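Engineer: Model the following, please.
(one chain, ligands or ions: 2)
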Amino acid sequence: MISTKKDRVYIFDTTLRDGEQCPGATMTFEEKLEVAHLLDVMGVDIIEAGFPIASDGDFEAVTAVAKAVKNATVAGLARAIFADIDRAGEAVKHARRGRIHTFVSTSPIHLAYQMRKSEEEVLEIIAKTVARARSFVEDVEWSAMDATRTPLDYLCRTVEAAIDAGATTINLPDTVGYATPNEYRDMFLNVRNRVPNADKAIFSVHCHNDLGLAVANTLGGLEGGARQIECTINGIGERAGNAALEEIVMAIKTRSDTLPYECGIETTMLNRASKLVSAATSFPVQYNKAIVGRNAFAHESGIHQDGMLKNQTTYEIMTPESVGVQKTSLVMGKHSGRAAFKNKLNELGYELGDNQLEDAFARFKALADRKKHVYDEDIEALVDENISTAQDLVKVIALTVIAGTMGHQSATLSLDVDGVHKTVQTTGNGPVDAIFNAICAIIPHDAKLALYQVHAVTEGTDAQAEVSVRLEDPVSGRSVTGKAADPDTLVASAKAYIAGLNKLDAKRRQAHPQHNVA
Ligand code: KIV
Ligand code: ZN
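Structural biologist: Residues are numbered from 1 along each chain as shown. Ligands and ions are numbered 1, 2, ... in the order given. Next up is the predicted model:
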């Protein structure tokens, strides 16, 4: 029998915290604000904006998000340490609805090797730290880190202690992505049945994707009675990532016949959110990623295309429009004017300010001069690149490369470094090496090149090349990815490397405001 009664589930997005903390997904202050704004408009219930004690930059970002967000609750993460909790309280106090999310490990492995504390000591810590968080805000979330590897009896004692001390949300994370859906469901059923004060809190799922089970486990947790879902856009997060928001939301919507839940997400914004997060983090979305991958609605085989032409439902369980993928016929080219360009941007889900629009239009015109047909993907690449470069200290002014079979490859590169023009000529083992050597000559730095990747944005020999460059910061051990697109692969390579350096610079300046790139 089809159930019509639906339970409201709360979407807790941790793209800006668990997502941003994964290697290569680092975002600048402005990018975090932009993502937070979009999440808020899209209907996310709780935005975890960061880990305020982690750095001054994180603190500033959480504070700014707390001030800017209009609808969602804004959460700041804190370890079970008073200094962390106080800092989180300070950052979220500006929010219309602020939450402190504090956590401590509960599993025997973590207690023995990481915490070096006994079970009783951890119970005391929980009581004290949750009470401390409650002295700042009414809304306190407590997480049992590594809950899925914690014996049930002890897990129940920790949950009871946290609720007694004032926690209003209890999160039981599958921190290491070890659970299976039935186990995860049963854990929630058992804890909720056994803990005497369980009815005083909302239970929350938080799943990592190490075995590719994060979304399945999330649905298992809902079946066990959890009503808050922690997730990230594009599933970015530690190691293999977190459960992907867009997958969970569309599963609930598409299979409402068997999943009796509803949430407040405007699904037509999912594609835009995916693009924005990918651009802000320079973290590419895999082509066959469910819901938001480039191929998610592409039908290649003849049999499928035949079916689709006869009736879309033959091979489509949800429409592209329902997740914000527009099928548009407006072909853009060098004769397209500002109004058509703006219209196209709106179709693609972008709302740019006047200056950003002018800048993007000028870049579109330059691209249209070089490329006969400008496809939607070209425009997205162009605008996304623009969004992530607006605050950059270093910009590419000009590049000339001599390549081929005769002699050394050389690059002559001019950069604008914080308003100062600098030019060098260098050689290299191939044109890309020559360009990167030129960048190092103008901006000596200690970052290590960890990845260089090129792919074509569209088809054809005049397609834009999208280049990703991952740089590792030997100081913090973290990495950033710079991305750029251009019909000239070598220009895209230079811009991508510079984008990476700018990101690294922004990150370092957030941590140490005195720092400067050059
Ligand atoms: O995966 C995890 O356990 C976490 C906690 C901090 C909630 O991210
Ligand atoms: Zn996590």
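Engineer: Which strand residues bridge residue 262?
Structural biologist: Beta bridges link residue 262 to residue 8 when assigned by DSSP bridges.
Engineer: Report the backbone C-alpha coordinates of the longest helix seen in the chain in PDB.
Structural biologist: Taking DSSP state H as the criterion, the chain has its longest helix at helix 489-511. Output of helix 489-511 as PDB, limited to C-alpha atoms (Å, rounded to 0.1, in the frame of the first residue of the first chain):
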ATOM      1  CA  THR A 489      45.300  24.500 -23.700                       C
ATOM      2  CA  LEU A 490      48.500  26.300 -22.900                       C
ATOM      3  CA  VAL A 491      46.800  29.500 -21.800                       C
ATOM      4  CA  ALA A 492      44.300  27.400 -19.700                       C
ATOM      5  CA  SER A 493      47.300  25.700 -18.100                       C
ATOM      6  CA  ALA A 494      48.900  29.000 -17.100                       C
ATOM      7  CA  LYS A 495      45.600  30.300 -15.800                       C
ATOM      8  CA  ALA A 496      44.900  27.100 -13.900                       C
ATOM      9  CA  TYR A 497      48.400  27.100 -12.200                       C
ATOM     10  CA  ILE A 498      47.900  30.800 -11.300                       C
ATOM     11  CA  ALA A 499      44.400  30.000 -10.000                       C
ATOM     12  CA  GLY A 500      45.900  27.400  -7.700                       C
ATOM     13  CA  LEU A 501      48.600  29.800  -6.400                       C
ATOM     14  CA  ASN A 502      45.900  32.400  -5.800                       C
ATOM     15  CA  LYS A 503      43.900  29.900  -3.800                       C
ATOM     16  CA  LEU A 504      46.900  28.900  -1.800                       C
ATOM     17  CA  ASP A 505      47.600  32.500  -1.100                       C
ATOM     18  CA  ALA A 506      44.100  33.200   0.000                       C
ATOM     19  CA  LYS A 507      44.100  30.200   2.300                       C
ATOM     20  CA  ARG A 508      47.400  31.300   3.900                       C
ATOM     21  CA  ARG A 509      46.200  34.800   4.300                       C
ATOM     22  CA  GLN A 510      43.100  33.600   6.100                       C
ATOM     23  CA  ALA A 511      45.400  31.700   8.500                       C
END
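Engineer: Now do that helix: which elements does it pack against?
Structural biologist: helix 56-68, helix 376-389, strand 394-402, strand 409-417, helix 431-442, strand 448-456, strand 465-472, strand 479-486 (3 or more Cβ pairs under 8 Å, 6 or more residues apart in numbering; DSSP states H and E). For glycine as for every other residue, the C-beta is placed from the backbone atoms N, C-alpha and C.
Engineer: So which residues on the chain come close to ligand 1?
Structural biologist: 18, 103, 143, 145, 171, 173, 175, 206, 208 (Cβ under 6 Å from any ligand atom).
Engineer: Just the buried positions in stretch 180-192, please.
Structural biologist: By 16 or more other Cβ atoms under 10 Å, the buried positions in stretch 180-192 come out as 181, 184-188, 191-192.
Engineer: Give me the angle between the longest helix of the chain and strand 479-486.
Structural biologist: Angle between the axes of helix 489-511 and strand 479-486 is 140 degrees (criterion: axes from the mean of the first three to the mean of the last three Cα atoms, to 10 degrees).
Engineer: so how far is helix 489-511 off the chain centroid?
Structural biologist: 18 Å (Cα atoms, centre = their mean, to the nearest Å).
Engineer: What average pLDDT does that helix get?
Structural biologist: Helix 489-511 carries an average pLDDT of 85.
Engineer: all strands for the stretch 101-250 of the chain, in order.
Structural biologist: 139-145, 169-174, 202-207, 228-231 (DSSP state E, counting those that start in this stretch).
Engineer: which one of those is the most hemmed in?
Structural biologist: For the strands of the stretch 101-250 of the chain, average neighbour numbers computed from mean count of other Cβ atoms under 10 Å are highest in strand 228-231, which has a mean of 28.
Engineer: Restrict it to CA atoms and write it as PDB.
Structural biologist: In PDB, the C-alpha atoms belonging to strand 228-231 read as follows (Å, rounded to 0.1, in the frame of the first residue of the first chain):
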ATOM      1  CA  GLN A 228      18.200  15.100  10.300                       C
ATOM      2  CA  ILE A 229      20.400  14.300   7.400                       C
ATOM      3  CA  GLU A 230      24.000  15.500   7.300                       C
ATOM      4  CA  CYS A 231      25.300  15.700   3.700                       C
END
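Engineer: tell me what that strand is packed against?
Structural biologist: So strand 228-231, by 3+ Cβ pairs under 8 Å, 6+ apart, packs with strand 10-13, strand 169-174, strand 202-207, helix 214-223, helix 245-254.
Engineer: quick one: contacts of it?
Structural biologist: For strand 228-231, contacts defined as Cβ atoms under 8 Å, 6 or more residues apart in numbering pick out 9-14, 18, 45-46, 48, 169, 171, 173, 202-207, 218, 221-222, 242-245, 248, 263.
Engineer: at 7 Å instead, please
Structural biologist: 9-14, 169, 171, 202, 204-206, 218, 242-245, 248 (Cβ atoms under 7 Å, 6 or more residues apart in numbering).
Engineer: what do you get for stretch 309-318?
Structural biologist: 250, 254, 299, 304, 307-308.
Engineer: Quick check: end-to-end length of it?
Structural biologist: Using Cα to Cα, to the nearest Å, one end of stretch 309-318 lies 16 Å from the other.
Engineer: And that stretch, what's buried?
Structural biologist: The neighbour-count check on stretch 309-318 (16+ other Cβ under 10 Å) flags residue 318 as buried.
Engineer: Equivalent analysis for stretch 158-167, please.
Structural biologist: Under 16+ other Cβ under 10 Å, the buried positions of stretch 158-167 are 158-163, 165-167.
Engineer: repeat for stretch 49-59
Structural biologist: For stretch 49-59, the neighbour count (16+ other Cβ under 10 Å) marks 49-55, 57-59 as buried.
Engineer: Which of these sits closest to ligand 1?
Structural biologist: residue 51 (8.7 Å; Cβ to the nearest ligand atom).
Engineer: on that earlier part again, looking at the buried residues of stretch 158-167, which are in helices?
Structural biologist: Residues of the buried residues of stretch 158-167 located in helices (DSSP H): 158-163.
Engineer: out of those, who's nearest residue 398?
Structural biologist: Among these, residue 162 lies closest to residue 398 (Cβ to Cβ), at 59.4 Å.
Engineer: Spatially nearest residue to that closest one (excluding sequence neighbours)?
Structural biologist: Among residues not flanking residue 162 along the chain, residue 142 sits closest, at 4.0 Å (Cβ to Cβ, 6 or more residues apart in numbering).
Engineer: Only alpha carbons, please: show whatever helix or strand residue 75 lives in as CSV.
Structural biologist: Assigned by DSSP states H and E, residue 75 belongs to strand 73-79. Output of strand 73-79 as CSV, limited to C-alpha atoms (Å, rounded to 0.1, in the frame of the first residue of the first chain):
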residue,chain,number,x,y,z
THR,A,73,20.2,27.7,11.2
VAL,A,74,24.0,28.3,11.1
ALA,A,75,26.2,25.8,13.0
GLY,A,76,29.8,25.9,14.0
LEU,A,77,31.8,22.8,14.9
ALA,A,78,33.7,22.4,18.2
ARG,A,79,35.7,19.6,19.7
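Engineer: Can you give the contact residues for stretch 274-288?
Structural biologist: The contact list for stretch 274-288, computed with Cβ under 7 Å, 6+ apart, reads 15, 24-25, 27, 31, 34-35, 38, 233-234, 236, 246, 292-295, 380, 384, 387-388, 468, 481-483, 499.
Engineer: okay, how far is it across that stretch, tip to tip?
Structural biologist: 14 Å.
Engineer: buried stuff in that stretch?
Structural biologist: Under the neighbour-count criterion of 16+ other Cβ under 10 Å, stretch 274-288 has 274-285 buried.
Engineer: ditto for stretch 118-126
Structural biologist: 122-123, 125-126.
Engineer: ok, the closest residue to ligand 1 within the stretch 351-500 of the chain - contacts?
Structural biologist: Across the stretch 351-500 of the chain, no residue is closer to ligand 1 than residue 478, which sits at 16.8 Å (Cβ to the nearest ligand atom). By Cβ under 7 Å, 6+ apart, the residues touching residue 478 are 23, 26.
Engineer: Thanks a lot, see you next time.
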